[in-house]
Every structure is written in C-alpha cells, then in structure tokens.
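Student: Predicted coordinates and the sequence they were generated for:
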Amino acid sequence: MSRPALAYQPGKSRLHRATPRASGALLAALAAVAFAYSSPPVLLGVGLAASSLGLLAGGRRAVRAAIAAALPLVTLMIAVNALVYHRGDTVLVRGWELPVIGNTDVTLESLVAGAAVGLRVAVVIVVFAVYSACVDPDRVLRALRPLARHSSLTAALVNRLVPVTVADLGRLREAAELRGPGAAPVGRAALARRLVAGSLDRTVDVAAALELRGHSLPTSGRLERERSPSDRELLLAALGIAAAAVAGGFAGAGGFETYPRVELALDPATIALSLALPVIASAPLLLDLLRDRGRRPTRMREAAHV
C-alpha cells in the first residue's frame, strides 16, 4: 500500500538532503511572511513559493492533498464571515432583522475578508504539508532530543503516526466494504473502536521498540550539530525571504483593507515582493536541476567512450 500523501517521502532533493534546521528555516520564513502580510497577491506569492518547493522536491502528492484539504476550509471561512460580519458599504444581499441573529446582510467586504483569511490558512497548510513530506522526522528527533527529549519524541511520533492512523482507517473501511452484501453494516462507532484498539496496540509496540533502541537512557544534553552541504543555500534563501519581507514592509508593500471598502494595493513594491518570494525560495532546487542537466551529457559521453 502506498504511503499517505502527507507522510514523509524519502528523496534526493536539496530539501531532503539538508538538515532539518535549514529546511525548517526556509519553510518557517515562508510561514512567517504569510502571517505578516494579509495582501492576497503576497499570500499567493507565498503559496506559489511553497508549492514550487514541494513540486521540485518530489512532494506533488502532498501539495495536491493540502490544496484539496484547504479548499473546503476557505469556502467555510467565506460563508461564516459573510454570516457573522455585516460591515462594509457594498451590500450584495439585503437580508432581514432576525430576533437572535440580528442583521443578515451580505456585503462584498465581508466576503473578501473571509477569502483573505481562508487564503492565509490555505497557504500555511501547504507550507506544513511540504514540511511533512520533505523533512525527515527521524532527523528532527535526533537534532532535538538533547534539548527536549520528551517533547521532540512526542512531536516526531505524532508526525509519523498520524498518517499511519489515516491509512489504518482506510484499510478498515475497505475491509468492511468487502464483507459482502449479507453482512451487517459497520457503523462509524464500530470503526472508531477498532481504530482506537489498533492504535493502542501499535503504541505499545512503538514504546517497546523505542526502549530497545535506548530512548529511555539519559543523554548528555549536548546538541548534535548535524551538517550538510545543502544547508548554506537553503539558509541563504531563508534570509533572502526575510530580507525581501522586511524591505517590502519599509517600501509600503502589501497594502490591503477590507472595511469599510475593499482597497487592494497593486503598486510595484507589492508586485515585486509577490514575484520575488517564489523565485528566492525555489532558487536552490532550480540550481540542482540545472546542475543535473549539465552533468547528463558528460555522463552520456563517458558511457559512450567506455
């Protein structure tokens, strides 16, 4: 059975080869920009940057799964914001005054505000999906164990076992459907009980395996400084994203207001920041592709010569 889309997928890209410190710094920089700016063009630039990283690193399934999971959330946030907030000068639907709910007008500004919040959530989901698919949780555990042994172990186990639990649920549903038309239907409560029972059994097995591997032994408290040749480019990209975000803030980029009227700034600073983010983020992986293409003719000539 294939791995879940959001599970870690081993690969040879620079994002995989780098240490979790460098890969996490690059993805954290993108997430920070998504929280710092509310302008839709800038958020789209962050989303494009994260998606490009995932596609270039071989995490296509993770990006698709994140977008598929984020779309219903965006729709829900737009609907909830339109029903809860009725500020704004542009009334699209004139509602009624209800006793408990109150005013039910739907304004353009409330729809745009909900869409902006939903877009930010979707972008952050894509960033974390790329992290989950391209950053090895075992290396994260090894790096953080001397600092916070129990916390890092819990985080790594959650990152590893949640996709396994989702796969178990899929197998249980498939097994229930294959029982035949004469069998009694299996309800959600029965599936939940079996899933919890299986998860508890797996928890005992994992605890025993971790004890045999020495995770219960005391550590020296010294931080393991793992290094990789790929760290420098990713850290430079993270610094470049942070510098571009700070420079854009000083230049007045990302102007966006929803109330009382929608005001979206499309000045040169905003456009430059939106376009620079995916270029800076994907530059290290694009350099790898260009180097690989340059090496292929050499390898072909060597093979022909032999």
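Tutor: Structure received. Numbering: from 1, shown residues only.
Student: What sits closest to Gly198 if chain neighbours are left out?
Tutor: Residue nearest to Gly198 in three dimensions, not counting chain neighbours: Asp168, with 5.8 Å by C-beta to C-beta, 6 or more residues apart in numbering. C-beta here means a position set from N, CA and C on the backbone, and glycine is covered the same way.
Student: Tell me how far the strand or helix carrying Arg61 lies from the chain's centre.
Tutor: Using DSSP states H and E, the element containing Arg61 is helix 60-84. How far helix 60-84 lies from its chain's middle: 13 Å, per C-alpha atoms, centre = their mean, to the nearest Å.
Student: quick revisit: for burial, what's the neighbour tally of the residue nearest to Gly198?
Tutor: Using other C-beta atoms under 10 Å, Asp168 has 16 neighbouring residues.
Student: before we move on, the earlier item: got the contact list for the helix holding Arg61?
Tutor: Residues from elsewhere that reach helix 60-84, judged by C-beta atoms under 8 Å, 6 or more residues apart in numbering: 5-6, 9, 50-51, 54-55, 104, 106-107, 110-111, 113-115, 117-119, 121-122, 125-126, 128-130, 132-134.
Student: Correct me if wrong: the residue nearest to Gly198 contacts Asp201.
Tutor: No: using C-beta atoms under 8 Å as the test, Asp168 is too far from Asp201 to be in contact (10.6 Å).
Student: confidence score at Pro218?
Tutor: Turning to Pro218, the model gives it a pLDDT of 63.
Student: do the same with the one 5 residues further on
Tutor: According to the model's per-residue confidence, Leu223 sits at a pLDDT of 46.
Student: quick one on the thing from earlier: next one: phi and psi at the residue nearest to Gly198?
Tutor: phi -60, psi -40 (degrees, to the nearest 10).
Student: any idea how far Glu174 is from it?
Tutor: Distance, Asp168 to Glu174, by C-beta to C-beta, to the nearest Å: 11 Å.
Student: likewise Leu27?
Tutor: Leu27 is 33 Å from Glu174, by C-beta to C-beta.
Student: Comparing those two, which residue is more hemmed in?
Tutor: Leu27 (24 against 10).
Student: so who does the more buried one touch?
Tutor: By C-beta under 8 Å, 6+ apart, the contact list for Leu27 reads Ala50, Leu53, Val127, Phe128, Val130, Tyr131, Val135.
Student: could you redo the last one with a cut-off of 6 Å?
Tutor: Neighbouring residues of Leu27 by C-beta atoms under 6 Å, 6 or more residues apart in numbering: Val127, Tyr131.
Student: For it, what is the enclosing helix or strand?
Tutor: Counting by DSSP H and E, Leu27 is part of helix 20-36.
Student: need the next SSE after the helix or strand harbouring Val162, C-terminal direction.
Tutor: Assigned by DSSP H and E, Val162 belongs to helix 149-177. The helix or strand immediately downstream of helix 149-177 is helix 188-212, counting by DSSP H and E.
Student: For that next one, which residues meet the burial criterion?
Tutor: By 16 or more other C-beta atoms under 10 Å, the buried positions in helix 188-212 come out as Arg194, Leu195, Gly198.
Student: quick one: low-confidence ranges for the stretch 151-300 of the chain?
Tutor: For the stretch 151-300 of the chain, the stretches with pLDDT under 70 are 151-153, 155-156, 159, 215-226, 292-300.
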